[in-house]
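A.B. asks: the following comprises the amino acid sequence and a computationally predicted model.
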Amino acid sequence: MASKSDKELAGMKQLILQGQPVNQRKYCYLMLEKVSRTFALTIKALGSPFKDPVMLGYLFCRIADTFEDSAKLSDERKIALLQDYYRLFQSEGKDVGLMWRLKSACAVLDMNDDEEFLVGHLDIVFCELHSCNARTRKIIRDTVTEMVAGMQATVQRSLEQKVLRLRSENELDRYCYYVAGTVGHMLTRLFAEFSPWISKRLKNRLAVDQEAFGAGLQLTNIIKDAVVDLQRNTAYIPTDLADKYNVPLDRIHEIGYRSQARSMMRELIVKAVTNLNYALRYCLLIPKTEPRIRLFCLWPLFMAIRTLRKAVLSDELFNPGNPVKISRREVRSTIRFTMLACFWDYLIVREFRRLVGVIESKLEVEIPLPLKNLKYLPVTLT
């Protein structure tokens, strides 16, 4: 049975297809719920003035991601569309010719698909962008154009190789930076732009860990979706790593390669947890006078570490029919705990370390937590 928001969005889509005006901000938030339920959930933690620019920044990044991932577009077409999107963003959506060309190119997309509908009507999101001030628009523009430039390079590699393969850990790091590290930059800049409690010095301190935060979340997605991605002939696991353990990437789900595949994924999981340790430091540096920002960052952090814990405790990681996913109960538990512990750093660290401890025990490894003298930093930096 369709929910109230589903019915409202369906009605808006009909009006848009008929060329009728809609409430642009409401449309953007309804689309956010469709294209990313997780982000739509976490953004509820934010209040004004952070919520709207963060929502818009995410939607623009999602549009770029849809261009890159669409199965209906050839690699050549993807590169051309990403180039046009890059140029359109440089004009903040004001280049009418480019806007028309992009919208026309989207005619091949399925307007029944929410992500592709968002792309096909990206002019609505640009119109909402114009309600932001100049500094906010620049922050979003800088992020999206850098991300799109990186995506173009990824698609170009796919075109040259006929399939998307990352060869080395350096290429993996570069990919994670462009699709997620850039978002870390955007969020830090937006937080500092609107929060009176985040000084320039604290902003610079947060910047040390912002890329690791994005990388940790992206690596978690790569790990949990590895088998599904390979079914699409896409691999974000470096071929160097697969060669190291003598496992063909397209066969990591097979029982005969289970031992090698586990060893290979162990390295990626350790890498992801290491980055998430720095993400924890990022969260704890956020002043307690900004509890909404803290919650916005803590929710995806704890969901990611819970996902990795689940990945090491079962073979779901290698089952394309039953991908690793935390339950709704675990999501609710995460939200409830972080809301209660938001002002108590030691509770947050203790619970995080408990979850990481399960991973360390299963993988028989110790992953350092970079929190030395952290309790003094918020006082001196703000």
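C.D. replies: Perfect, thanks for sending it.

A.B. asks: in the stretch 251-382 of the chain, which ranges drop under the pLDDT threshold?
C.D. replies: For the stretch 251-382 of the chain, applying pLDDT under 70 flags the ranges 372-382.

A.B. asks: ok, 50 please
C.D. replies: 376-382 (pLDDT under 50).

A.B. asks: now the helices for it?
C.D. replies: 258-285, 291-313, 328-341, 345-363, 377-381 (DSSP state H, counting those that start in this stretch).

A.B. asks: now the stretch 101-250 of the chain
C.D. replies: Ranges of helices within the stretch 101-250 of the chain are 114-120, 122-129, 134-161, 169-176, 182-194, 200-224, 226-231, 239-244, based on DSSP H, counting those that start in this stretch.

A.B. asks: next, format the helices of the stretch 251-382 of the chain as TSV and append distance to Lys72.
C.D. replies: In this view, the C-beta of every residue, glycine as well, is placed from N, C-alpha and C. Shown next, in TSV, are the helices of the stretch 251-382 of the chain (distance: least, C-beta to C-beta, whole Å):
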stretch	distance to Lys72
helix 258-285	30
helix 291-313	29
helix 328-341	32
helix 345-363	38
helix 377-381	48
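
A.B. asks: need the ones you listed in CSV (columns: distance to Asp225 and mean neighbour count).
C.D. replies: As requested, the helices of the stretch 251-382 of the chain are exported to CSV (distance: least, C-beta to C-beta, whole Å; neighbours: other C-beta atoms under 10 Å):
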stretch, distance to Asp225, mean neighbour count
helix 258-285, 12, 21
helix 291-313, 11, 22
helix 328-341, 18, 14
helix 345-363, 18, 16
helix 377-381, 35, 14
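
A.B. asks: circling back: select, out of the helices of the stretch 101-250 of the chain, the one closest to Gln90.
C.D. replies: When the helices of the stretch 101-250 of the chain are compared by C-beta to C-beta, helix 134-161 sits nearest Gln90, at 6.6 Å.

A.B. asks: pull out the buried residues from the helix or strand in which Tyr27 is found.
C.D. replies: Assigned by DSSP states H and E, Tyr27 belongs to helix 24-35. Neighbour-count burial for helix 24-35, counted by 16 or more other C-beta atoms under 10 Å, picks out Gln24, Tyr27, Cys28, Tyr29, Leu30, Met31, Leu32, Glu33, Lys34, Val35.
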